[in-house]
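K.L.:
structural data only, the sequence is not supplied:
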Ligand SMILES: Cc1cc2nc3c(=O)[nH]c(=O)nc-3n(C[C@H](O)[C@H](O)[C@H](O)COP(=O)(O)OP(=O)(O)OC[C@H]3O[C@@H](n4cnc5c(N)ncnc54)[C@H](O)[C@@H]3O)c2cc1C
């Protein structure tokens, strides 16, 4: 067992902010990413850690001004059990149910998934598709970062080292639909080969608006497929549109071969599951 | 004895064994002992090697190569580090031969200076320290100075051949000349990791006599014993090996534990204290042996009635960097390569070569799953070409009594290929379901079977398929293996009136500790609790051979029964008229201990010539059929194996629940092999060498498995048993791949049949063209 880092377990945010301001400190929430990295010796072992498990300010699921707000420490199990999430953001509930298995869902948190910023993080395409806003804070103050601006490059985020993720706000525009699809290697405990979220608003004759096509595991960060979104914006999900969107997506993505899958498969399956979601939406 | 099938309500009267895992029959276990070590495992008190405490023990680690091939020039510990508080061991510290004793003397314990590093995870030096933190800190401070050499990764390009075989029967040219149809095919299988739950673990304790005591997780105490004697120059008494509770092996703890035991011993001798060598999962996957990858080429001639008239088969196996057990794996692979089918004109060629990848070794099935996958694929493709049902083609060719195999072995008894085939077809309603899946396929749009465009979803979400496979598995060691081994197993009445079974055969989850006492108690007419199972400690038990090759119940179990019978006869002879169970305690008081050491004697009428590779390759064969039903997602080509009917002829069922457990576990391991277990390599290094990346099926991925056990007894063994461990591993993978074909219309020629391969096959050719042209 590697050397144990020193661990602080504050009860209040301001205390946590102080610790973070004092020098390099690694937050730990559920630990399902941090601990894997430590025991697997996948990088330098943090010298100081900040255990977030006692900070109540980071918990809770609520409806605020037409948005669904989830504390950073919300676990996947809490999401799955939440009536508010089921009612207002069922796609997130669906995603939570695909993450790891029961043990991971009991410990793993939304904030951890976001801060960890793996390109395969399963909730991240939902954040992108839902125009979620991430509230971060530290001694220097609090600020809101749109999910779109959060994931900068491979595992690099807009979060400063002295900041914490506090909560995530999901706007709930009327008439917005959101779909989720994950493709993994097996039925549980599987990191995504491709994960997709599709959102749109539909007010009838004018076609779809505010279309979002967001994907994970196909680039260095979770991404939006802007060219594909452009094909779908103002259109109806007809077979022709679906074909065009799928082809555009296949052309737009530049996934890679890695230990989990191949570039060809990722590109083709991304197109096919988008096509499937459009087919389901169009009802043909 | 006639063949018997054990199915629910099968009307079996003689000691009814009712076996349907889906059915919860109260008291189903009645009459059969519970697992000996079960309660300790369930309650967590069972002690695995890493649970054992040795006061003052240090921790040991292995410094490995990071190159696939290089010359070792020097080992340079960082001069800025104080090395006096730790122990470093290198090849220079080996008192005996720098060899891990196995079939060939090619694998060093540690690469010597000037020696050749042959794979990426090759042990070069050892380091021991009082705590793991020190090890973690220091392990990067030992520099290996090397000179790179050109590695070889392609087994077909390699010029170093570990073993080769050439088996011929009949006249191949004549056979092909008489064929109405000739079908060719090339099939490939990749590495597979055994993935026992407990990682490799060894603790070496220096003995007072200058020797070493090993406590470890291992399958074969005497393999380790032999390795210690050779490399450490120890006498048989100075080397002592004790198997501790072992959390799975599957062949993975057959040969590699010798290496780890030697490493721990070298450090323990130098540090003059116990040393713990406990692998973590990452090290275990990256360094220890895997199933051999193979390339199998078939050329088959058949008549229009579907009779096989010529089989020309070439097997190439990738042995990895060292020989290990490769020749024996290859031999079994080659001998099973034709599948369980009669064919008058056959040529089976095989070679195994060296590559600069970690050595491959034993894994459940031992070469047969590789070649039988190819054989079944080939048969399915022939059936397709003939427009014949795969069941009917097998029915016409499967071995029957009195048929002759390519080695000239006449199948004189215990032939149940037909039986398992018909049972599997009946239980699965194979033909009826195949008609239905064919109808569904023709109803699907486009090409009839698959979505027409690679970038589109299909109007159906999923497709169902059903697939069949048939296999045989030579029981026990190949050829003269058992004769050379000359195993000894013992049953003892101790001076204080206890009954003990003494063998070197290990429990690793399969049930040895339960069934041996059960068989002995049965012979002696005493309750099973009265029979003890002596520990697998080389200081206590004789060498009854390794726990491998599905031989434990069949071969050693047979010896144990014979020993028990002799013990009973001796004791009863001394107490005229009094049955053993009443007489044995008095007998012990009066006469002291009686111990029967039963040595293996060749099975009558079983003869094999190693020089010409002719004769009885195996004393008998086990027979297996599997029918798999799959659902394939047509968008993603993900395969869900819904259920598998597995019919296995094991000769004689000793313990129905444990036996079923073997069939279920072997089937699931084969489903993983068929669908998702894929070892990816780059420059000879495993890329997915962690549990996060080497994926095996979870409980959610496991199909419903229905095990049907058939008994076609082998007369050479007193109980008729032929072994069960490996048989189910041979058959489920080709059944799954056949089912994938039934669902999608594509043949996947390479295991595992991943969604990547299936989707690519569904849209070949022109896939890339479409993909790279954004509209
Ligand atoms: C077996 C297994 C299966 C898994 N399966 C999946 C899966 O299917 N899909 C998936 O997406 N992920 C999966 N994961 C990854 C992991 O569970 C998720 O990413 C999870 O959401 C991480 O949350 P956590 O609370 O455990 O994070 P932690 O490990 O505690 O932290 C992760 C990172 O985030 C930082 N951090 C945590 N909270 C905050 C905060 N409030 N503010 C700032 N930084 C913070 C930490 O410093 C760390 O860098 C799996 C992990 C394991 C071990």
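P.N.:
The structure has been received and is ready for your questions. Note that the coordinates shown come from a computational prediction; the quantities given were computed from them, not determined experimentally. Numbers count the residues shown, from 1 in each chain, chains lettered A, B, ... in the order given.

K.L.:
I'd guessed residue B:732 sits against residue B:646; true?
P.N.:
Yes. Counting by C-beta atoms under 8 Å, residue B:646 is a contact partner of residue B:732 at 6.6 Å. All C-beta spots, glycine's among them, are computed from the backbone N, C-alpha and C.

K.L.:
any residues in contact with both of those two?
P.N.:
In terms of C-beta atoms under 8 Å, 6 or more residues apart in numbering or on different chains, residue B:732 and residue B:646 are both contacted by the residues B:626, B:667.

K.L.:
dump the residue contacts of the closest residue to residue B:386 other than its chain neighbours.
P.N.:
Once its chain neighbours are removed from consideration, residue B:386 has its nearest residue in residue B:306; the separation is 5.5 Å (C-beta to C-beta, 6 or more residues apart in numbering or on different chains). By C-beta under 8 Å, 6+ apart, the residues touching residue B:306 are B:382, B:383, B:386, B:388, B:392, B:393, B:396, B:397.

K.L.:
retrieve the pLDDT associated with residue B:306.
P.N.:
Reading off the confidence values, residue B:306 has pLDDT 98.

K.L.:
likewise for residue B:768?
P.N.:
pLDDT for residue B:768: 33.

K.L.:
please apply the same query to residue B:3.
P.N.:
Predicted confidence (pLDDT) for residue B:3: 60.

K.L.:
what's the answer for residue B:21, then?
P.N.:
As predicted, residue B:21 sits at a pLDDT of 47.

K.L.:
next, count neighbours for residue B:438.
P.N.:
Using other C-beta atoms under 10 Å in any protein chain shown, residue B:438 has 14 neighbouring residues.

K.L.:
could you find the closest non-adjacent residue to it?
P.N.:
Excluding its sequence neighbours, the residue lying closest to residue B:438 (C-beta to C-beta, 6+ apart) is residue B:742, at 7.9 Å.

K.L.:
hang on, the earlier thing: which of the three states applies to the residue nearest to residue B:386?
P.N.:
Counting by DSSP: H, G, I helix; E, B strand; the rest coil, the backbone at residue B:306 sits in coil.

K.L.:
which parts of chain B belong to which domain?
P.N.:
Following automatic domain parsing, one finds the domains of chain B at B:1-19+B:398-478+B:614-764, B:58-148, B:487-599.

K.L.:
and the residue of the stretch 51-200 of chain A found nearest the ligand, what does it touch?
P.N.:
Taking C-beta to the nearest ligand atom as the measure, the stretch 51-200 of chain A has residue A:112 as its residue closest to the ligand, at 2.2 Å. With contact set as C-beta under 8 Å, 6+ apart, residue A:112 has these partners: A:29, A:30, A:32, A:33, A:34, A:72.

K.L.:
state the distance from the last one to chain B.
P.N.:
Remark: distance between residue A:72 and chain B (C-beta to the nearest C-beta, to the nearest Å) = 24 Å.

K.L.:
returning to what we had before: let me see the contact set for the residue nearest to residue B:438.
P.N.:
For residue B:742, the contacting residues are B:434, B:437, B:438, B:441, B:464, B:465, B:466, B:467, by C-beta under 8 Å, 6+ apart.

K.L.:
quick one: name the residues of the stretch 1-150 of chain A near the ligand.
P.N.:
Selection of the stretch 1-150 of chain A residues close to the ligand by C-beta under 6 Å from any ligand atom yields A:26-34, A:36, A:52, A:58, A:72, A:99-100, A:104, A:107-109, A:111-113, A:115-116, A:121-122.

K.L.:
list the ones among these that fall in strands.
P.N.:
Secondary structure of these is defined by DSSP state E; positions in strands are A:26, A:27, A:28.

K.L.:
for chain A, just list every one of the strands.
P.N.:
With DSSP E applied, chain A shows strands at A:6-8, A:26-28, A:48-51, A:61-64, A:67-71, A:133-138, A:141-146, A:151-153, A:156-157, A:164-171, A:176-183, A:194-202, A:208-216, A:223-224, listed in chain order.

K.L.:
adding mean pLDDT, write those out as CSV.
P.N.:
CSV is the format used below for the strands of chain A (pLDDT from 0 to 100):
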stretch, mean pLDDT
strand A:6-8, 95
strand A:26-28, 98
strand A:48-51, 97
strand A:61-64, 98
strand A:67-71, 98
strand A:133-138, 98
strand A:141-146, 98
strand A:151-153, 98
strand A:156-157, 98
strand A:164-171, 98
strand A:176-183, 98
strand A:194-202, 97
strand A:208-216, 98
strand A:223-224, 98
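
K.L.:
just put these in TSV and tack on mean neighbour count.
P.N.:
Listed next are those as TSV, based on neighbours: other C-beta atoms under 10 Å in any protein chain shown:
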stretch	mean neighbour count
strand A:6-8	12
strand A:26-28	20
strand A:48-51	18
strand A:61-64	13
strand A:67-71	21
strand A:133-138	21
strand A:141-146	13
strand A:151-153	16
strand A:156-157	16
strand A:164-171	22
strand A:176-183	22
strand A:194-202	25
strand A:208-216	23
strand A:223-224	20
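
K.L.:
dump those strands to JSON lines, plus distance to residue B:287.
P.N.:
Written out in JSON lines, the entries for those read as follows (distance: least, C-beta to C-beta, whole Å):
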{"stretch": "strand A:6-8", "distance to residue B:287": "33"}
{"stretch": "strand A:26-28", "distance to residue B:287": "30"}
{"stretch": "strand A:48-51", "distance to residue B:287": "31"}
{"stretch": "strand A:61-64", "distance to residue B:287": "46"}
{"stretch": "strand A:67-71", "distance to residue B:287": "43"}
{"stretch": "strand A:133-138", "distance to residue B:287": "42"}
{"stretch": "strand A:141-146", "distance to residue B:287": "44"}
{"stretch": "strand A:151-153", "distance to residue B:287": "34"}
{"stretch": "strand A:156-157", "distance to residue B:287": "33"}
{"stretch": "strand A:164-171", "distance to residue B:287": "39"}
{"stretch": "strand A:176-183", "distance to residue B:287": "32"}
{"stretch": "strand A:194-202", "distance to residue B:287": "32"}
{"stretch": "strand A:208-216", "distance to residue B:287": "32"}
{"stretch": "strand A:223-224", "distance to residue B:287": "37"}
